[in-house]
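*Asks:* Sharing a model prediction with you, sequence too.
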Amino acid sequence: MSQTNNLHDCVRASLEAYFRDLDGTDPADLHDMLVKAVERPLLEVVMEQSQHNQSRAAQWLGLNRNTLRKKLLEHKLID
């Protein structure tokens, strides 16, 4: 199984468990919640792997460096 499938399966299983835990209650802001849950660890790992080089990390992520910086600030990963 490829890493893409592993990540897909992991996210899917987590979402299915989340809906089970809701036990019929309607979710709120699901998209925003998921994006925030995935984005922070993504940024943490990419910044570590790029040795905190924002230009390199932005390139790897396919983002503009200013967009990356904004996201790092939002997640309080930089001052």
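*Replies:* Yes, it's here. Source: prediction; values computed, not measured.

*Asks:* going forward, measure contacts and count neighbours with C-alpha atoms only.
*Replies:* OK.

*Asks:* tally of neighbours for residue 72?
*Replies:* Using other C-alpha atoms under 10 Å, residue 72 has 19 neighbouring residues.

*Asks:* List the residues that contact it.
*Replies:* Contacts were defined as C-alpha atoms under 8 Å, 6 or more residues apart in numbering; by that measure residue 72 touches 43, 78.

*Asks:* Show me which residues of stretch 29-40 are buried.
*Replies:* Of the residues in stretch 29-40, residue 40 count as buried by neighbour count, 16 or more other C-alpha atoms under 10 Å.

*Asks:* so what's residue 27 closest to, chain neighbours aside?
*Replies:* residue 19 (8.0 Å; C-alpha to C-alpha, 6 or more residues apart in numbering).

*Asks:* separation between that neighbour and residue 25?
*Replies:* 8 Å (C-alpha to C-alpha, to the nearest Å).

*Asks:* cool, residue 75 as well?
*Replies:* Distance, residue 75 to residue 25, using C-alpha to C-alpha: 28 Å.

*Asks:* out of the two, which sits in the more crowded spot?
*Replies:* residue 75 (15 against 9).

*Asks:* Test my guess that that one contacts residue 38.
*Replies:* No: Residue 75 is beyond contact range of residue 38, at 11.4 Å (criterion: C-alpha atoms under 8 Å).
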